[in-house]
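quick check, what structure comes out for this input:
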Amino acid sequence: MLTSITKNQYYDIAYNPVSNRMYLRIKGYWKRAEDVADYVKHIRQGGDSLKPGFNLMVDLREMKTPPITINTIHERAQMTLMNLGLERTAEINPESDIDLKM
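Purely as a prediction, here's the structure:
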């Protein structure tokens, strides 16, 4: 039972309350913070829908390395997840051959 929070040109976020897992796919190049202004809000929506102790599956295969100015957005998202009860994170990197269906 996968529920989508959002799908856009920069990221997809979904969650499954049965498995208590959030799915995140980061896509493309995040040039400006304004391009992903709702990212942390969407992360919070997913985390709020899960119980503390949830897991996160992150697909980074389509991600392009962003400028350093984007780091604060990723840090805020990570802190939000930790505060909501994130227990474990698994990453799919460009070298992976796993297909994460969302």
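
and the longest helix seen in the chain, what's its mean pLDDT?
Ranked by residue count and defined by DSSP state H, the top helix of the chain is helix 71-84. Regarding helix 71-84, the rounded mean pLDDT is 97.

repeat that for stretch 94-102.
When pLDDT is averaged over stretch 94-102, the result is 62.

same check on stretch 21-35?
Average pLDDT, stretch 21-35: 97.

flag every buried residue along the longest helix of the chain.
Judged by neighbour count using 16 or more other C-beta atoms under 10 Å, the buried positions of helix 71-84 are 73, 77, 80-81, 84. For every residue, glycine as well, the C-beta is placed using N, CA and C.

between these, which is closest to L60?
Closest approach to L60 among the buried residues of helix 71-84 (C-beta to C-beta): A77, at 13.5 Å.

how many residues are close by the closest residue to that closest one other than its chain neighbours?
Ranked by C-beta to C-beta, 6 or more residues apart in numbering and with sequence neighbours excluded, the top spatial neighbour of A77 is I43, at 4.7 Å. The number of residues packed around I43, counting by other C-beta atoms under 10 Å, is 24.

next one: T6
Per other C-beta under 10 Å, the neighbour tally for T6 reads 15.

for it, which three-state class applies?
The assignment at T6 comes out as strand when based on DSSP: H, G, I helix; E, B strand; the rest coil.

what's the spacing between the residue nearest the centre of the chain and I70?
What sits nearest the mean C-alpha location of the chain, by C-alpha atoms, centre = their mean, is L24, with 3.3 Å. Computed as C-beta to C-beta, to the nearest Å, the L24 to I70 distance reads 15 Å.

ok, now E34?
11 Å.

so for the two, which residue has more residues nearby?
Set side by side, E34 and I70 give different neighbour counts by other C-beta under 10 Å, the larger being at I70 (18 against 6).
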